[in-house]
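[1] predicted structure and sequence below. I'll ask about it afterward.
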Amino acid sequence: MCGRFALTATPDRAAAFLGLPELEDFPARYNIAPTQPVLMAIAGLPRAPGSNLPDRQPMLVRWGLIPAWVKDTREFPLLFNARSEGAAEKASFRAAMRHRRALVPASGFYEWRQSGGKRGQPYWVRPKHGGLVAFAGLIETYAEPGGSEMDTGAILTVNANADIAHIHDRMPVVIDPQDFARWLDCRTREPRDVADLLRPAQLDFFEAVPVSDLVNKVANTGPEIQERAMVEPEPEKARRRKPGADDSQMSLFQQ
C-alpha cells in the first residue's frame, strides 16, 4: 500500500486558505509520505466578543493515526487513511470523528493505476483550476508509555468519482471552503451532522496527470516528480480482469 500527497503553496497562501494565523515558514513539499509530519488545522478556542484572534489553529501531526487505547504500536497497523463510510462507528476513529476533526491542506495527491495486481502508472491528481484543497482529516493524541505525547492523524476517504475511478476506486474526501467551519465544529455538531460532507469531489474538480515512477521513492522530493510523463498502452493481458477482481490493494487513500 502506498500513500503520497503534496503541499507546495507558500505558508501565507496556506494560512489564508485555511483561515489560520500566520504560519512559520516551511518549504514546498512534493512527496509527503506516511509517518512524516503534516500540517492540519483544527477549530480553536471560541472567540471572545470583539476579539480579532483566529478561531482556528494549526497543528503539526504525524501522518498515521494511533488510537489512544493502543498498548503496543509495534503490533498496530499504520492508519494513515480512514474509510469515511464507517469512521464514526469504528473503534480506531470513533473518538476522533466526534472530538478532533481537522482539515489537511494539499496541492494534490498521487495515485497509482493497478496493472496485473502490481502498482502501475502513477498519476499526479490536482485541482483542475489550480490552488489548494482541504482533505477531511482526523487527529488523535497518543500518550506514549514513557509519558510523552504525539499528535497523530489520518485522512478520510470515499468512493472515487468518475474522474478518478479509472485509476482507483478510492479518493480523499475534499471539504469545500464554505463547509470548513461546519466540519471543524466538534462542540455543537456530532458526526451525523457532518455526514453529508463525506462525499466524492464534484466531477471535473480534479485532473489526473501521468507522471514518472520517481514519486515511488520517498527520497525523491523535488518538483520533477510532478512532470508529465508519456504513458505506454497497457498490454492486452493487463487490461483483462477476472470476474470479481479486486483493485483495492495498493491504494493511496484506502484504510
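    All right, it came through fine.

[2] where does the stretch 151-255 of the chain dip in pLDDT?
    233-255 (pLDDT under 70).

[3] element containing the one residue sitting closest to the centre of the chain, please.
    What sits nearest the mean C-alpha location of the chain, by CA atoms, centre = their mean, is residue 155, with 3.9 Å. Take DSSP states H and E as the rule and residue 155 turns out to sit in strand 149-159.

[4] and that strand, what's buried?
    Buried residues in strand 149-159, counted by 16 or more other CB atoms under 10 Å: 151, 152, 153, 154, 155, 156, 157, 158. Where C-beta positions appear, they are placed from N, C-alpha and C, glycine not excepted.

[5] so in terms of bridging, what pairs with the fourth one?
    Which is residue 154. Beta-bridge partners for residue 154, by DSSP bridges, are residue 138.

[6] return the backbone torsion pair for the closest residue to residue 126 other than its chain neighbours.
    Excluding the flanking residues, the one nearest residue 126 by CB to CB, 6 or more residues apart in numbering is residue 108, at 3.4 Å. Dihedral pair for residue 108: phi 160, psi -180, per degrees, to the nearest 10.

[7] ok, now residue 181?
    Dihedral angles (degrees, to the nearest 10) for residue 181: phi -60, psi -40.

[8] that one - how many residues pack around it?
    13 (other CB atoms under 10 Å).

[9] that older thread, I'd like to know how far the residue nearest to residue 126 sits from residue 79.
    Residue 108 is 22 Å from residue 79, where distance means CB to CB, to the nearest Å.

[10] that older thread, show me the contacts for the residue nearest to the centre of the chain.
    5, 63, 80-82, 104, 135-138, 172-173, 253 (CB atoms under 8 Å, 6 or more residues apart in numbering).
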